[in-house]
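**Student:** Below is the structure, and that's it, no one-letter string:
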DNA sequence: CCAATTAGTCACCGGCCAGTGACATGTCAA
DNA sequence: TTGACATGTCACTGGCCGGTGACTAATTGG
């Protein structure tokens, strides 16, 4: 035999890709706790020195994840189709429920959001920025020339709904429970979707003024 | 002089109280990252050995915080008064906006919620349980004999709103920004409150069915 | 064939952490 | 007074971390 099965690769491109993939996996599976040079190197099966040589340390590695993230999200959400919505309420409904599914399915993005909440350092701020812009670009792409009804604060309403679903997804992944809902069951997720739909239609279906 | 100003107390009750207060402060100010035996002992100005002797280590200390937390929240929210609400919509409005103010003002509870999200270990699960039951008890206390309109899933709607406000409070404290909202300004918080009010009235003001 | 460069590994440093055993000192009762 | 106990402090271990210098080994260009 000429090459033992676990011989070093001696291929910088492949090794860099291995390290990036390992970093993504460690972060997605173990969270930002437990994310570090040692853990990534162990996962990638190489020496941590390579992380310093090829990425300049944790900082560069995190930036590399951020760079990958944009394309990753684009690909993951590309297959969004169907008949174009005919009203702003339907558009918001599709976007917000689509966000829920995408966010629930992507453990890595969840961990980045969590990291951002728990440790708002400039390092993770850039990573979170990549996540944010990727999602915003995706939402903007599905938008036609529909505009929200006059008199309602659509950005605030949408932010509220996105915040709610993000929080529920994070709680569901962490403890499975939030305010009496059992987010380990798909039944309660259906209740969540129905409640979100109720609110979207209630807010955008017609004008509802708020009297102080 | 007979007693130097920083002499040891030799008073177990006071020392325990000092340690508990230090633990609360460290957790509230520094987050669960940086929370540990060494940090608490430094903050309390005593040796960490006392934490092991009096509380049995981090676990017992966390339990002590949880025990304090219930009474702390009860006191902090006791002064909730005003005319009794005349409809479920108004009741929900008061409870949910009251939750927002209470949660925004209490850094310790925020950090516990965050800890629960990022590190769902059995230890912090008990602490989070104390937080959860305290808040639920508070919400139940303000309730009269009002019941939600028929045909709406009030628990899901309320959970959605609480989740939204909790997420916004956490994001506001961490980065100050969420989905285009600048949560460092009270102006945008007013928009958030208005949006929540819009949704509450839209959902509870009259029946709105969700057609599949 | 040989030297320079590149890919990869190893051993080590200092720092912070949780946890523990031994010690000093104050208090109180017999 | 003296001995037992409670209070508090110190010094240490072992482990994991991020980070770095020195090393080996394969490839490549001349």
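**Tutor:** Thanks, I have it. Here the structure is a predicted model, which means the values were calculated and not measured. Numbers count the residues shown, from 1 in each chain, chains lettered A, B, ... in the order given.
**Student:** who's in contact with the residue at minimal distance from the centre of chain A?
**Tutor:** When chain A is reduced to its mean C-alpha position, the closest residue under CA atoms, centre = their mean turns out to be residue A:109, at 3.0 Å. When contacts are counted by CB atoms under 8 Å, 6 or more residues apart in numbering or on different chains, residue A:109 touches A:69, A:73, A:102-103, A:131. The C-beta positions use only the backbone N, C-alpha and C, and glycine is treated the same way.
**Student:** Same question for residue A:47.
**Tutor:** By CB under 8 Å, 6+ apart, the contact set of residue A:47 is residue A:41.
**Student:** got it, and the one 10 residues further on?
**Tutor:** Residues in contact with residue A:57 (CB under 8 Å, 6+ apart) are A:37, A:51.
**Student:** Tell me the pLDDT of it.
**Tutor:** According to the prediction, residue A:57 has pLDDT 96.
**Student:** now swap in the one 3 residues further on and tell me
**Tutor:** With respect to pLDDT, residue A:60 has a value of 96.
**Student:** Name all residues that make contact with whichever residue of chain A sits closest to DNA strand C.
**Tutor:** The minimum distance from chain A to DNA strand C, using CB to the nearest atom of the strand, falls at residue A:12 (3.2 Å). Residue A:12 makes contacts with residue A:54, as judged by CB under 8 Å, 6+ apart.
**Student:** How about residue A:189, nearest residue that isn't a chain neighbour?
**Tutor:** Leaving out its chain neighbours, the residue that sits closest to residue A:189 by CB to CB, 6 or more residues apart in numbering or on different chains is residue A:183, at 6.6 Å.
**Student:** One more: residue A:159?
**Tutor:** The spatially closest residue to residue A:159, leaving aside those adjacent along the chain, is residue B:179, at 4.0 Å (CB to CB, 6+ apart).
**Student:** Let me know whether the helix or strand hosting the residue nearest to the centre of chain A sits next to DNA strand D.
**Tutor:** Taking DSSP states H and E as the definition, residue A:109 sits inside helix A:107-118. No - Helix A:107-118 lies apart from DNA strand D when judged by CB under 7 Å from any atom of the strand; the minimum separation is 13.3 Å.
**Student:** what's the angle from that helix to helix B:107-118?
**Tutor:** Compare the direction of helix A:107-118 with that of helix B:107-118 by axes from the mean of the first three to the mean of the last three CA atoms, to 10 degrees and you get 160 degrees.
**Student:** Centre of the chain to helix A:107-118, how far?
**Tutor:** Distance of helix A:107-118 from the chain centroid (CA atoms, centre = their mean, to the nearest Å) equals 8 Å.
**Student:** immediately after it, which helix or strand?
**Tutor:** Downstream of helix A:107-118, the next assigned helix or strand under DSSP H and E is helix A:122-141.
**Student:** Which secondary structure elements does that next one sit against?
**Tutor:** When contacts are defined as 3 or more CB pairs under 8 Å, 6 or more residues apart in numbering or on different chains; DSSP states H and E, helix A:122-141 sits against helix A:58-77, helix A:88-105, helix A:107-118.
**Student:** Quick one: residues in contact with it.
**Tutor:** A:32, A:58-59, A:62-63, A:65-67, A:69-70, A:73-74, A:77, A:80, A:95, A:99, A:109, A:112-113, A:115-116, B:175.
**Student:** ok, now with 6 Å
**Tutor:** If you take CB atoms under 6 Å, 6 or more residues apart in numbering or on different chains as the criterion, helix A:122-141 is touched by A:59, A:62, A:66, A:69-70, A:73, A:77, A:95, A:109, A:112, A:115-116.
**Student:** in that helix, what's buried?
**Tutor:** Applying a neighbour-count criterion of 16 or more other CB atoms under 10 Å in any protein chain shown, one finds A:124, A:127-128, A:130-132, A:134-135, A:138-139 buried in helix A:122-141.
**Student:** tell me how far the helix-or-strand element of chain A with minimal mean pLDDT is from the chain's mean position?
**Tutor:** For chain A, counting by mean pLDDT, DSSP states H and E, helix A:122-141 ranks last in confidence among helices and strands (a mean of 84). Using CA atoms, centre = their mean, the distance from the centre of helix A:122-141 to the centre of the chain it belongs to is 9 Å.
**Student:** Residues in contact with whichever helix or strand comes after that helix: which ones?
**Tutor:** Beyond helix A:122-141 in the direction of the C-terminus, DSSP H and E gives the next helix or strand as helix A:154-174. By CB under 6 Å, 6+ apart, the surrounding residues in contact with helix A:154-174 are A:96, A:100, A:103-104, A:110, A:148, A:178, A:183, A:203, B:117, B:120, B:160, B:163-164, B:166-168, B:178-181, B:191-192, B:195.
**Student:** State the mean pLDDT of helix A:154-174.
**Tutor:** For helix A:154-174, the mean per-residue pLDDT is 97.
**Student:** tilt between that helix and helix B:122-141?
**Tutor:** With the same axes, to 10 degrees defining the directions, helix A:154-174 sits at 130 degrees from helix B:122-141.
**Student:** which residues are in contact with whichever helix or strand comes after helix A:154-174?
**Tutor:** On the C-terminal side of helix A:154-174, the nearest following helix or strand under DSSP H and E is strand A:177-178. Counting by CB under 6 Å, 6+ apart, strand A:177-178 makes contact with A:168, A:171, B:159, all of which sit outside it.
**Student:** will you turn the residues you listed into a markdown table that also has neighbour count?
**Tutor:** Conversion of those to a markdown table gives the following (neighbours: other CB atoms under 10 Å in any protein chain shown):
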| residue | neighbour count |
| --- | --- |
| A:168 | 29 |
| A:171 | 23 |
| B:159 | 24 |
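**Student:** Need those in a markdown table (columns: distance to residue A:89).
**Tutor:** Formatted as a markdown table, those follow (distance: CB to CB, whole Å):
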| residue | distance to residue A:89 |
| --- | --- |
| A:168 | 21 |
| A:171 | 27 |
| B:159 | 22 |
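**Student:** Could you single out the nearest of these to DNA strand D?
**Tutor:** Among the contacts of strand A:177-178, and counting by CB to the nearest atom of the strand, the member closest to DNA strand D is residue A:171, at 26.4 Å.
**Student:** Would you mind listing the residues in contact with residue A:120?
**Tutor:** With CB under 6 Å, 6+ apart, residue A:120 has these contacts: B:174-175.
**Student:** Flag the shaky bits of chain A, pLDDT-wise.
**Tutor:** Counting by pLDDT under 70, the ranges of chain A that qualify are A:1-7, A:76-81, A:206-212.
**Student:** With that, I have no additional questions.
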